[in-house]
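1. Can you look at this prediction? I've put the sequence above it.
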Amino acid sequence: MLDKLKKTSLNWGICLILLAILFVIDGLHLWTNPWTDHLAITFLLLIGLWNAVKYRLVVSSTLLLTFLIMLHRTVLGLSRVSNWTLFGAGILISIGASLIYQPTLKRFTSYFGDTISRDSTTVHATMQHQKIDFDDLLTSLNIKTFASSVSVSFEHAELPAPDAKINLSVFASEVKLYVPLEWNISSDDLTTTFSQVQVDGQRQGTQDKTLILTGNLTASQLTLIRV
């Protein structure tokens, strides 16, 4: 956990230093090539695009790519196309792509009150509201969200092993997990950025079974509710 935090801090530190250098280069106009205009903003957008593609965030990826095109539209031969036209096209493409691209491994739970079992290993939500009842054996589950509200109840689930993992990739979302009183809750391996983890009740359970939370929580709210 500590090694991961050190690596993350090192990466962000390098990025901020590079960003400062690019701001200075922009201000001094040291490079006059059309492709080198707006270096700092381009660098920020590329970092955002890389993370969006990494976590398969369709809407964010499309919009960030749209902003890059708008920034360099003259070089790309799109000077006759206004920024508003490009932005509108980006919005429509991002919405259309998010409706088409709904990836899960086996079953996509897209309706309120769906039930998933052990043959479904991923819950994916993009700009959606989902309420899910997990009523089978729990060993691992992935929850990936963007700008969504997701509730997952484990009230009727069984934990056959000493522990089970919930891997979170959550951005700008609200996630609620309903956890049985018998299970312990561990979030030591969960990385949070501008986010809050709230436990409604005790982390310590009444049995030697543990729900382990891992992954990333960014600009989001995670609430664990005892049932």
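-> Looks like it came in fine.
2. Would you list the phi and psi of residue 38?
-> When read as degrees, to the nearest 10, the backbone of residue 38 gives phi 60, psi 50.
3. how distant is stretch 37-52 from the center of its chain?
-> Remark: stretch 37-52 is offset 18 Å from the chain centroid, using Cα atoms, centre = their mean, to the nearest Å.
4. Buried residues of it, list them for me.
-> Residues of stretch 37-52 classed as buried by neighbour count (16 or more other Cβ atoms under 10 Å): 37, 39-45, 47-49, 51-52. Any C-beta I mention is one placed from the backbone N, CA and C, and that applies to glycine too.
5. What is the nearest of the residues you listed to residue 163?
-> Nearest to residue 163 among those is residue 51, at 28.9 Å by Cβ to Cβ.
6. and the closest one, that one's in a helix?
-> Yes - counting by DSSP: H, G, I helix; E, B strand; the rest coil, residue 51 is part of a helix.
7. list the contacts for it?
-> If you count contacts by Cβ atoms under 8 Å, 6 or more residues apart in numbering, residue 51 has them with residue 57.
8. what about it, distance to residue 201?
-> Taking Cβ to Cβ, to the nearest Å as the measure, residue 51 and residue 201 are separated by 33 Å.
9. repeat for residue 42
-> 47 Å.
10. How about residue 189?
-> Taking Cβ to Cβ, one finds residue 189 at 21 Å from residue 201.
11. Please identify the buried residues of stretch 196-208?
-> Going by neighbour count (16+ other Cβ under 10 Å), the buried part of stretch 196-208 is 197, 205.
12. Quick one: end-to-end length of that stretch, please.
-> 26 Å (Cα to Cα, to the nearest Å).
13. average pLDDT for it?
-> For stretch 196-208, the mean pLDDT works out to 86.
14. Next, the buried residues of stretch 14-23.
-> 19, 22.
15. How about stretch 162-178?
-> Neighbour-count burial for stretch 162-178 [16+ other Cβ under 10 Å]: 164-178.
16. Out of the residues you listed, flag the one nearest to residue 219.
-> Closest approach to residue 219 among the buried residues of stretch 162-178 (Cβ to Cβ): residue 172, at 4.9 Å.
17. I figured the closest one hits residue 125, correct?
-> No - the pair residue 172 / residue 125 is not scored as a contact, 11.4 Å apart, by Cβ atoms under 8 Å.
18. what's the domain layout of this protein?
-> As recorded under automatic domain parsing, the domains making up the chain are 2-100, 114-226.
19. one step back: which one of the buried residues of stretch 162-178 sits closest to residue 184?
-> Looking across those and measuring by Cβ to Cβ, the closest to residue 184 is residue 164, at 10.8 Å.
20. Checking the closest one next. Helix, strand or coil?
-> Judged by three-state DSSP, the three-state class of residue 164 is strand.
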